[in-house]
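> Build me a structure from this.
(one chain, ligands or ions: 1)
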Amino acid sequence: MKNLTITAIINEYQYDELTPIDQSLIDTAIEATGRSYAPYSRFSVGAAALLANGIVVTGTNQENAAYPSGLCAERTTLFYANSQYPDQPVLTLAIAARTEKDFIDTPIPPCGACRQVILETEKRYKHPIRILLYGKQCIYEVQSIGDLLPLSFDSSAME
Ligand code: THU
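Numbering: from 1, shown residues only. Sure, this is the predicted structure:
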């Protein structure tokens, strides 16, 4: 038997420790939660993607009475960014989430389907996407989706 160990590196920051650019991207994701359409879960998620050309694209979760027809903020944002700027890699993706009461204390990581889409976006542009997950108590940073989706499936398996 062989044991394969996969290591994930997650950096934890206080808001004040972040660069002004990262703070601003998180502020934009926080602000975006106000444009979420979440009448069913009442859980509002906002995302902000910084593109290589410096443009910041935002998106939010969009729910539907037929629940599976809705989409998470991360995928809304990436699909919009890739539709509008198909030649621009995403450098950083910031995500913020709140209940009706307040923003969450500790960051929520993206769901499995969003991780898979983030992976595809990294592969498509051959560029890692740094992810910033906002919580009131701390912010998590990963340098690439590989830290959240080890042992992943991508198109290389089909070659
Ligand atoms: N949601 C996101 O937008 N991103 C995540 O990473 C997790 C969940 C949304 C989907 C749904 O609209 C609501 O949050 C509750 O699951």
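> Going by C-alpha atoms from here, please, whenever you check contacts or count neighbours.
Fine.
> Run through the residues of the chain sitting next to the ligand.
The chain comes close to the ligand at residues 38, 41, 43, 45, 61-63, 72-74, 109-111, as judged by Cα under 6 Å from any ligand atom.
> if you set the cut-off to 8 Å instead, what comes out?
Counting by Cα under 8 Å from any ligand atom, the chain comes close to the ligand at 37-38, 40-46, 60-63, 70-75, 95, 97, 108-111, 114.
> Of those, which belong to strands?
44, 45, 46, 60, 95, 97 (DSSP state E).
> which residues in this protein form strands?
Going by DSSP E, the chain shows strands at 11-13, 44-51, 56-60, 90-98, 130-134, 139-142.
> Include distance to residue 120, mean neighbour count and mean pLDDT when you put these into JSON lines, please.
Formatted as JSON lines, the strands of the chain follow (distance: least, Cα to Cα, whole Å; neighbours: other Cα atoms under 10 Å; pLDDT from 0 to 100):
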{"stretch": "strand 11-13", "distance to residue 120": "23", "mean neighbour count": "14", "mean pLDDT": "98"}
{"stretch": "strand 44-51", "distance to residue 120": "15", "mean neighbour count": "27", "mean pLDDT": "98"}
{"stretch": "strand 56-60", "distance to residue 120": "18", "mean neighbour count": "24", "mean pLDDT": "98"}
{"stretch": "strand 90-98", "distance to residue 120": "12", "mean neighbour count": "26", "mean pLDDT": "98"}
{"stretch": "strand 130-134", "distance to residue 120": "14", "mean neighbour count": "24", "mean pLDDT": "98"}
{"stretch": "strand 139-142", "distance to residue 120": "16", "mean neighbour count": "21", "mean pLDDT": "98"}
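> for these, which one sits closest to residue 32?
strand 44-51 (4.8 Å; Cα to Cα).
> first vs last residue of stretch 123-133, how far apart are they?
Distance across stretch 123-133, first residue to last, is 21 Å (Cα to Cα, to the nearest Å).
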